[in-house]
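Engineer: my questions concern the predicted model and sequence given below.
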Amino acid sequence: MIVVDTSIAVDFLRGDQRAKSALRSQLSATESLGMSAVTLFELLNPIYHRKQEAQEKVVKSFAHQMRLLPIDSSAAEESAKIMGALLRTGKQVNALDVLIAGSAVANGAEKIISKDRDYERIGDVSALKVEIIE
């Protein structure tokens, strides 16, 4: 399974051709794509804030095509391990990105795709493979 980070999901939903191409290419390389519950939160939060009901349906449809990865005790523990390793090396990373990575690791993901370079730091301290899409 390959996990789609929020940055790629946002670009895909906006119709960005690079994001669409990246997801198509990833699908040909694996049998499944996953998305953390944290990414779903990040996608839905601005929609509910701005009351954009039409967008809500698009986001939910997109999310239902992927395996939704929970933030359970295993994901929390993996996230804590990643954050601890980052802090020991003096590298700061957004906590939501660490939760996304932790849920990926806990659910056996092969890699995560993102535009966010914070994941390179996460990849340095975890077994999670990272692919940055530019």
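Structural biologist: Here it is on my side, so go on. Residues are numbered from 1 along each chain as shown.
Engineer: can you give me the neighbour number for the closest residue to residue 107 other than its chain neighbours?
Structural biologist: Leaving out its chain neighbours, the residue that sits closest to residue 107 by C-beta to C-beta, 6 or more residues apart in numbering is residue 69, at 4.7 Å. For glycine as for every other residue, the C-beta is placed from the backbone atoms N, C-alpha and C. When counting by other C-beta atoms under 10 Å, one arrives at 25 neighbours for residue 69.
Engineer: packing partners for the helix or strand bottoming out on mean pLDDT in the chain?
Structural biologist: For the chain, the helix or strand with the lowest mean confidence is helix 17-29, at a mean of 82 (criterion: mean pLDDT, DSSP states H and E). Of the remaining helices and strands, those touching helix 17-29 by 3 or more C-beta pairs under 8 Å, 6 or more residues apart in numbering; DSSP states H and E are strand 2-4, helix 6-13, strand 33-36.
Engineer: wait, what's in contact with the residue nearest to residue 94 when sequence neighbours are not counted?
Structural biologist: Computed as C-beta to C-beta, 6+ apart, the closest residue to residue 94 that is not its neighbour in sequence is residue 118, at 6.0 Å. Contact partners of residue 118, counting by C-beta atoms under 8 Å, 6 or more residues apart in numbering, are 93-94, 97.
Engineer: wait, isn't the residue nearest to residue 107 in contact with residue 36?
Structural biologist: Yes: A contact is recorded between residue 69 and residue 36 when judged using C-beta atoms under 8 Å, the distance being 4.8 Å.
Engineer: quickly list what's touching both of these two.
Structural biologist: Looking at what touches both residue 69 and residue 36 (by C-beta under 8 Å, 6+ apart), the common residues are 3, 75, 103-104.
Engineer: thanks a lot, see you next time.
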